[in-house]
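A.B. asks: Here's a sequence, model it:
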Amino acid sequence: MCTVTIVPNGETDFVLTSNRDEAPNRACIAPDFYTVGNTKVLFPKDQLSDGTWIGVSEKQRVICVLNGGFKIHERKSSYRLSRGIITKHLMVAPTIVAAITTYSFDDIEPFTMVIADWNNGLKFFELVWDGNQKHLTELPLEPKIWSSSTLYNPSMRTERANWFEDFKSDNKLDASALLNFHKTAGKGNLDYGVIMNRYLVRTTSITQIEKKGNCANMHYENLLKGQQVSKTLKFPVTVNG
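C.D. replies: Presented below is the predicted three-dimensional model:
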């Protein structure tokens, strides 16, 4: 939920990896298949919100959300809707850009959303809701890292981006290597290493989605329980890419 990387593999495939930084007592359920709006989806579930921070759907789309927009914000006591529910809504929307354009984010806590959509060729998007405005950007198909603005100040985010740049120059960017980055970058730095531990908030899980041909492979590791789960969502062979 709070550290995300995305790396393309050619013009059709990619790997997205997410470290979730959360209160360790916030319960979640390992990834499973669900039906949302008559659409098959695969995601780990946050029990409190009944939503998710990352998932893949039959709509040929991956969505991952991070807390916070461009900068840290002052939280209200309550909001109209959980960001995890919005993730589910947008996963199953017929067309992602149209859905974002018409969706009302009023009274939703600020967030950053990373989107990969391959309905008409592979595209990466970044959506930032700053609490007042939507900022939707189509990104180049290039490796990129995000760190949540609610946990990491600008200098921390810059240093983490530098770790990723160093990693990119020294490693083949396949799923295994990227998972290793999400486990070891900044190792020993409990405050803002990619696996962090501030006790009240810590890295509780890692979820990786590798889109490869007509399959999306999800690998999930619960770092608190030592639990690992891998599942695959298959698409029709006619899917673009």
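A.B. asks: Longest helix of the protein, counting residues only.
C.D. replies: helix 154-170 (DSSP state H).
A.B. asks: Report the next helix or strand after that helix in sequence order.
C.D. replies: Downstream of helix 154-170, the first helix or strand assigned by DSSP states H and E is helix 175-184.
A.B. asks: how far does that following helix sit from the chain's center?
C.D. replies: The chain centre lies 15 Å from the centre of helix 175-184; the measure is CA atoms, centre = their mean, to the nearest Å.
A.B. asks: Can you give me the buried ones in that helix?
C.D. replies: The neighbour-count check on helix 175-184 (16 or more other CB atoms under 10 Å) flags 175, 177-179, 181-183 as buried. (Each C-beta comes from the backbone N, C-alpha and C, glycine too.)
A.B. asks: Equivalent analysis for stretch 167-175, please.
C.D. replies: 167-168, 175.
A.B. asks: hang on, the earlier thing: present the buried residues of helix 175-184 as a markdown table; the columns should include distance to M156.
C.D. replies: Listed next are the buried residues of helix 175-184 as a markdown table, based on distance: CB to CB, whole Å:
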| residue | distance to M156 |
| --- | --- |
| A175 | 26 |
| A177 | 23 |
| L178 | 20 |
| L179 | 22 |
| F181 | 17 |
| H182 | 16 |
| K183 | 18 |
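A.B. asks: ok, those vs Y79, which is closest?
C.D. replies: Of all the buried residues of helix 175-184, Y79 sits closest to H182, with 28.4 Å by CB to CB.
A.B. asks: which SS state does the residue positioned nearest the centre of the chain fall under?
C.D. replies: With distances taken as CA atoms, centre = their mean, the residue of the chain nearest its centroid is C64 (2.6 Å). Here C64 is recorded as strand under DSSP: H, G, I helix; E, B strand; the rest coil.
A.B. asks: Next up, the contacts around it.
C.D. replies: 4, 16, 18, 53-54, 87, 113-115 (CB atoms under 8 Å, 6 or more residues apart in numbering).
A.B. asks: Out of those residues, grab the one that's most surrounded.
C.D. replies: Highest neighbour count within the contacts of C64: I54, with 29 neighbours (other CB atoms under 10 Å).
A.B. asks: Pretty sure that residue sits against V65.
C.D. replies: Yes - with contacts counted by CB atoms under 8 Å, I54 reaches V65, the gap being 7.4 Å.
A.B. asks: What's the end-to-end length of stretch 113-128?
C.D. replies: 6 Å (CA to CA, to the nearest Å).
A.B. asks: Mind listing what's buried along it?
C.D. replies: Applying 16+ other CB under 10 Å to stretch 113-128 flags 113-118, 122-128 as buried.
A.B. asks: try stretch 100-112
C.D. replies: 100, 103, 105, 108-112.
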